[in-house]
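Trainee: Sequence and predicted structure, then a few things I'm wondering about:
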Amino acid sequence: MDHRGPAETGAPSPEDGAPVGAPDLGDLLRRAGRGDEQAFARLYDLVAARAYGLAVRVVRDRAQAEEVTQEAFLEIWRTASRYDPDRGSALSWMLTITHRRAVDRVRSAEAATRRDLTYQHQNQSVDHDATAEAVQASLDAHRVRSAMAALTEVQREAVSLAYLGGYTHTEVATMLDLPVGTAKTRIRDGLIRLRDAMGVGS
């Protein structure tokens with residue numbers, strides 16, 4: 001057994017729940033940072049369930065937790081090259097991203113609720129701040145949808161349902177009449193191509 005600590009190997013520590021002989025997540029993450037799609041796919045398979053469990057505990061909604069998990073893995077793929085094993089295990093780094101995404105989702109939902117309540121006390125004149133915010137959200141959505149054109153038809157269909165429609169992997173599989181594993185693979189591969197099509201940093 002490797003006697004080095006998790007900060008040196010990049011692998012999750014025993015308290016992270018990794019069994020002896022488990023894949024080296026740090027190595028997979030570093031390879032993903034160099035554009036290795038197979039390494040990223042392996043990371044997704046190994047960590048997605050745990051990331052989803054964390055997201056569920058924060059957002060307390062399974063459909064939204066699925067979306068948070070997908071967003072987190074898109075960010076992990078985009079920023080994998082920034083991972084520094086000296087600052088903690090790969091698993092902790094990925095779960096931190098997931099937790100931050102989940103918290104952002106909760107805060108966004110709370111802010112939307114506050115805006116809805118505030119609107120009831122406002123007149124019908126145009127709120128320029130709210131209008132600007134809506135325009136920015138529309139532009140962001142348009143950018144994502146434009147990038148979706150780079151996906152294959154089957155990937156676009158699966159990612160649209162999961163990432164834009166908010167459906168869970170199981171629901172996507174049912175709607176497309178696919179095995180759950182196939183649906184997950186299409187979503188995962190679609191996220192990789194979506195990241196490249198949007199031209200974000202490696």
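Mentor: Sure thing, it's come through. Numbering: from 1, shown residues only.
Trainee: Asp45 and Pro23: what is the separation?
Mentor: 10 Å (CB to CB, to the nearest Å). Heads up, the C-betas are built off the backbone N, CA and C, glycines and all.
Trainee: avg pLDDT for the longest helix along the chain?
Mentor: Criterion DSSP state H: the longest helix present in the chain is helix 90-119. Helix 90-119 shows a mean pLDDT of 83.
Trainee: Can you give me the buried ones in that helix?
Mentor: Neighbour-count burial for helix 90-119 flags Ala90, Leu91, Trp93, Met94, Leu95, Ile97, Thr98, His99, Arg101, Ala102, Arg105 (criterion: 16 or more other CB atoms under 10 Å).
Trainee: Show me what secondary structure element comes after the lowest-mean-pLDDT helix or strand in the chain.
Mentor: The weakest-scoring helix or strand in the chain, judged by mean pLDDT, DSSP states H and E, is helix 6-9 (a mean of 38). Sequence-wise, the next helix or strand downstream of helix 6-9 (DSSP states H and E) is helix 25-33.
Trainee: Run through this protein and note the low-pLDDT ranges.
Mentor: Scanning the chain for pLDDT under 70 picks out 1-22, 112-114, 116-146, 163-166, 198-202.
Trainee: Show me what the longest helix of the chain is packed against.
Mentor: helix 25-33, helix 37-59, helix 62-79 (3 or more CB pairs under 8 Å, 6 or more residues apart in numbering; DSSP states H and E).
Trainee: Please enumerate residues in contact with stretch 175-195?
Mentor: 37, 40-41, 44, 48, 70, 73-74, 77-78, 144, 147-148, 150-152, 154-159, 161-163, 167, 169-170, 172-173 (CB atoms under 8 Å, 6 or more residues apart in numbering).
Trainee: now stretch 29-36
Mentor: 10, 39-40, 43, 76-77, 80-83, 90, 93-94, 202.
Trainee: hmm, try it at 10 Å
Mentor: 10, 24, 28, 37-44, 47, 76-83, 85, 89-91, 93-94, 192, 196, 202 (CB atoms under 10 Å, 6 or more residues apart in numbering).
Trainee: tell me the angle the longest helix of the chain makes with helix 37-59.
Mentor: 50 degrees (axes from the mean of the first three to the mean of the last three CA atoms, to 10 degrees).
Trainee: circling back to that earlier point, so which of the helices and strands packed on helix 90-119 comes closest to Glu110?
Mentor: helix 37-59 (11.3 Å; CB to CB).
Trainee: Which pair of the buried residues of helix 90-119 spans the longest distance?
Mentor: Ala90 and Arg105 (23.1 Å).
Trainee: Compute the distance between Glu71 and Asp86, please.
Mentor: 26 Å.
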